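# 3D, please:
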Amino acid sequence: MPEGSIRAEMPQTEAASARPKRRRWLRPALMLGGVLAVAAGSGLFWLNGGRYAGTDDAYVQADRLMLATDVSGIVRRIAVHEGDTVAAGQVLVQLDDAPFRHALDQARARLQQTSLNLEAMQADYQRLLRDAAAQEAAVSLAQATYDRAAQIVNSGAVTRSAYDQARYGLQQSQQQLESLRAQARVQLAKLGGKPDQPVEQHPDYLEAAARLAEAQRQLDHTTLRAPFAGTVTQVSTLQPGQYLAAASPAFALVSSDHVWVDALPKETDLTHVKPGDAATVTIDTYPGITWKAVVESISPASGSTFSVLPAQNASGNWVKVVQRIPVRIRVEQPADAPPLRSGMSAVVSINTGHERHLSDIF
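The predicted structure follows:
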């Protein structure tokens with residue numbers, strides 16, 4: 001074989017022998033690196049895993065109210081339509097107020113009449129006092145006449161009939177004085193024992209004033225106003241001319257200002273959750289938009305505790321079920337954020353701030 005061909009084949013043989021050596025150390029290196037990467041990733045995931053708690057079992061909630069009034073009447077006007085946004089204090093429904101205006105006028109007249117009656121009673125009491133004082137003078141005169149007649153009746157200077165007339169006159173004057181005093185006591189009792197007390201402080205006046213205030217309140221309640229800002233719904237259930245009984249729902253109002261999220265995380269996820277923790281909320285209706293939120297409160301009992309028929313695991317077939325604890329999340333609503341509607345599905349993530357350490361493993 002020529003010498004040149006031997007020299008050409010030697011590098012190829014050395015390269016072929018180097019490939020198996022390289023493969024022998026490359027495979028263990030890759031396997032070891034993969035194991036280390038998985039271990040490092042698992043370690044990082046575990047270290048950060050206890051910081052966040054979340055659930056997709058959450059729903060948007062808002063103040064909801066079935067509007068009603070405590071007076072009965074005929075619906076005269078409905079000032080809103082389905083889906084209207086209303087402000088707090090805005091007029092929603094007006095009932096026919098004619099019967100209530102008449103009742104108010106009657107109560108006002110009763111109050112004025114009560115005031116006049118009390119003033120008349122005060123004046124009559126003063127008159128009785130003056131009449132009693134005058135009658136006391138008449139009794140004194142009758143007493144003097146009787147005393148003189150009694151002294152001279154035996155001497156014959158005064159007839160027996162004159163004596164009897166003086167005696168009966170004295171008795172009559174005394175009876176009249178006692179009658180006037182009794183009438184004065186009755187008037188004083190009607191005045192509450194305080195004849196100089198202002199009329200406005202008398203019980204009869206206060207009662208009449210209370211009836212007037214109640215009549216005014218009922219008249220005011222013939223106008224149904226929004227207790228808070230929100231959106232009206234189910235307005236079509238009420239029509240003008242319909243009789244609306246007291247405490248009967250007219251239609252519904254859903255708040256647009258006080259909106260929150262009720263989350264139902266598992267009890268095992270609430271180990272480090274506390275009120276005041278920061279949270280984020282995403283709504284299924286608005287993908288890609290995140291709301292900042294804060295944990296407002298954590299329920300003192302599980303959701304099943306408030307159910308009509310709570311679970312009773314006292315039998316021999318007991319199965320442990322992870323409970324869910326209601327958590328209220330207060331949502332911050334920027335001005336440019338889309339509206340949140342009651343009942344929307346939400347996903348909640350709570351930053352508990354808890355950090356795990358490697359020492360926790362050992």
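# ok now stretch 143-163, how far from the chain's centre?
85 Å (CA atoms, centre = their mean, to the nearest Å).
# And stretch 81-100, by the same measure?
21 Å.
# May I see the buried residues of it?
Within stretch 81-100, the residues scored as buried using 16 or more other CB atoms under 10 Å are 86, 92-95, 97, 99-100. C-beta here means a position set from N, CA and C on the backbone, and glycine is covered the same way.
# Next: stretch 294-303.
Quick answer for stretch 294-303 (16+ other CB under 10 Å): 295, 298, 302.
# Could you list every helix and strand in contact with the longest strand that the chain contains?
Scanning the chain for the strand with the most residues, using DSSP state E, yields strand 52-66. On a contact count with 3 or more CB pairs under 8 Å, 6 or more residues apart in numbering; DSSP states H and E, strand 52-66 meets strand 252-263, strand 345-351.
# which residues in the stretch 151-300 of the chain form helices?
Secondary structure of the stretch 151-300 of the chain (DSSP state H, counting those that start in this stretch): helices at 160-190, 203-220.
# Contacts made by the last one with the rest, please.
By that I understand helix 203-220. Helix 203-220 is contacted by residues 71, 97, 100-101, 103-104, 106-108, 110-111, 114-115, 117-118, 192, 199-200 when judged by CB atoms under 8 Å, 6 or more residues apart in numbering.
# tell me the mean pLDDT for it?
For helix 203-220, the mean pLDDT works out to 95.
# Which residue, neighbours along the chain excluded, lies closest to residue 55?
residue 265 (4.1 Å; CB to CB, 6 or more residues apart in numbering).
# and that neighbour, what does it touch?
53-55, 57, 273, 324-325, 327, 348, 350.
# ok, now residue 283?
By CB under 8 Å, 6+ apart, the residues touching residue 283 are 60, 289, 291, 340, 344-347.
# Now restrict the residues you listed to buried residues only.
Neighbour counting with 16+ other CB under 10 Å marks 60, 291, 340, 344, 346-347 as buried within the contacts of residue 283.
# And the residues you listed, which is the shakiest by pLDDT?
Of all the buried ones among the contacts of residue 283, residue 340 carries the smallest pLDDT score, 90.
# looking at this, that residue is in a helix?
No - counting by DSSP: H, G, I helix; E, B strand; the rest coil, residue 340 is not part of a helix but coil.
# Would you confirm that it contacts residue 59?
No - with contacts counted by CB atoms under 8 Å, residue 340 stays clear of residue 59, the gap being 10.6 Å.
# still on that earlier bit, which one among the contacts of residue 283 gets closest to residue 66?
residue 60 (19.3 Å; CB to CB).
# Name whatever forms a beta bridge with that closest one.
residue 261 (DSSP bridges).
# Could you pull up the residues touching it?
Per CB under 8 Å, 6+ apart, neighbours of residue 60: 259-261, 283, 331, 340-346.
# could these go into a markdown table alongside distance to residue 132?
Formatted as a markdown table, the contacts of residue 60 follow (distance: CB to CB, whole Å):
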| residue | distance to residue 132 |
| --- | --- |
| 259 | 75 |
| 260 | 74 |
| 261 | 79 |
| 283 | 85 |
| 331 | 78 |
| 340 | 79 |
| 341 | 79 |
| 342 | 75 |
| 343 | 79 |
| 344 | 82 |
| 345 | 86 |
| 346 | 84 |
